[in-house]
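Participant: sequence and predicted structure, then a few things I'm wondering about:
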Amino acid sequence: MKSLNNKISAMRMPHPERRSLVASRIKELRENSGLSQRGIAKELHISQSTYHRIEKGESEPSAIQIATLSGLYGVTVLWLLGLPNFVVNTNQSSSSSSS
């Protein structure tokens, strides 16, 4: 039950806090990857100064930019947006009785 409460509280995070969290996650991912702001900006088809404002939390990335960053860094869109990771069970097991 505690895990569900944590997920719900994360979804209720005030907008300025979420913007700051998104910005810090984007910056952390870039720094850990060793890429430059200019390089990432080029991937996003925006100027380096626009990308800088995204990392500072002064501007919000578009949905397309979030999706691009998600693919580039191998993280979920939900994580980039400040939500906890939701685990999706991809194992399909059928219920069969053994005789």
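Facilitator: Received, thanks. Residues are numbered from 1 along each chain as shown.

Participant: next one: the top helix by length along the chain to chain centre, how far?
Facilitator: When the chain is parsed with DSSP state H, its longest helix is helix 15-33. Computed by CA atoms, centre = their mean, to the nearest Å, the chain-centroid distance of helix 15-33 equals 8 Å.

Participant: what helices or strands is the helix or strand that it is followed by leaning on?
Facilitator: Heading C-terminal from helix 15-33, the first helix or strand you meet, by DSSP states H and E, is helix 37-44. In terms of contacts (3 or more CB pairs under 8 Å, 6 or more residues apart in numbering; DSSP states H and E), helix 37-44 is packed against helix 48-56, helix 63-73. C-betas here are computed from N, CA, C, even on glycine.

Participant: for S33, find the nearest of these.
Facilitator: Among the helices and strands packed on helix 37-44, the nearest to S33 by CB to CB is helix 63-73 (6.7 Å).

Participant: quick check: buried residues in the closest one?
Facilitator: Q65, I66, T68, L69, S70, Y73 (16 or more other CB atoms under 10 Å).

Participant: for the record, mean pLDDT for it?
Facilitator: Here helix 63-73 scores 96 as its mean pLDDT.

Participant: got the angle between that helix and helix 15-33?
Facilitator: 30 degrees (axes from the mean of the first three to the mean of the last three CA atoms, to 10 degrees).
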